[in-house]
Every structure is written in structure tokens, then in C-alpha cells.
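Novice: Let's see this in three dimensions:
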Amino acid sequence: MSTSERTYTISQLAREYQVTPRALRFYEDKGLLTPRREGMNRVYSHRDRAKLQLILRGKRVGLSLIEIKEILDLYKVDQRAQAQTALKRFRSRIAALEEQRKDVDAAIEALHAGVRRAEAFLSKPAAPAAVGAARAFEKEAKKRLEDAR
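Specialist: Modelled structure (predicted):
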């Protein structure tokens, strides 16, 4: 049997790609996968398997299902248009992810600065009045917890 004639059950594809059968049925409902039917069973072709790879890759990089469907649908019409559309979507996602990375890097730096400030503050001995207030607060918190039980 040639690779193009190979077929797969829903369980085989779900196991291979670590997705649920429900996810595969969802992709079918959205028109992304089109398995043929043998009685009540779905039979996925090698082409469906390749589409599933593209769907999961697209999801992993943050493309919407609508964007993924648009790219998949263009394969039947014009592979060059498909490649151009994919390129446009990929560049857009790269730009968005690079912007997110800047935001994440800034947040990490702000947190590091906060850690340094807190560590510097805590490295100094506490004033006696502060120690007393902290102990009183802790005693009151324990009492409330016991009363709540």
C-alpha cells in the first residue's frame, strides 16, 4: 500500500498527535478535515493526516482556525496564493509575538527590580516596634483562623 493510500482511524490520529477524538471531530465540524465514512467510522486519508499536522502547527504559533482554514482551502485553488497567504499570516504572527516578548521581558525586569528592593529591605534589621506589630498581627490572624473552623 502506498503512502497516499494509507488510512487512519480517529483513534490512531488522536494518539499519534496527542489530541482527543473530540478535537478531530471539532476540526471536521469546522471544515478543516474531511474524512470519508465507512458505516459509522471516520476514515482519515494521508492528506487528512497532513492537514492535521498543519492545523496543529498553525494553532501552536497562534493562528486562528479561520486563518488556518483559509490557508488550507487555498491549496485546492492556487498553491502560490496559499503560500502568499501563509507568508502574510506568519509575518503578522512574528510581529505580534516579538511585541509580546518585549512585554514579557519588561515584566520580568520589573519583577527582578521588585525582588532586589524587597531583598534589600528585608536584609536590614526590623525596628522593635515593627516586630511587635507583626507578632500582634500574626496572633490576631491565628485567632481568626481558629474561630473560622
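Novice: from here on, contacts and neighbour counts on C-alpha atoms
Specialist: Will do.
Novice: domains of the protein?
Specialist: Structurally, the chain divides into domains by automatic domain parsing as follows: 3-64, 78-137.
Novice: what's the most buried one of those domains?
Specialist: domain 3-64 (a mean of 15; mean count of other CA atoms under 10 Å).
Novice: Now do that domain, average pLDDT.
Specialist: Domain 3-64 shows a mean pLDDT of 93.
Novice: Of the domains of the chain, which is nearest I71?
Specialist: domain 78-137 (5.5 Å; CA to CA).
Novice: In the chain, spot the helix with the most residues.
Specialist: The residue-count maximum for a helix in the chain (DSSP state H) belongs to helix 79-123.
Novice: Output the contacting helices and strands for that helix.
Specialist: helix 65-77 (3 or more CA pairs under 8 Å, 6 or more residues apart in numbering; DSSP states H and E).
Novice: Mind giving me the packing neighbours of the helix it packs on?
Specialist: helix 46-60, helix 79-123.
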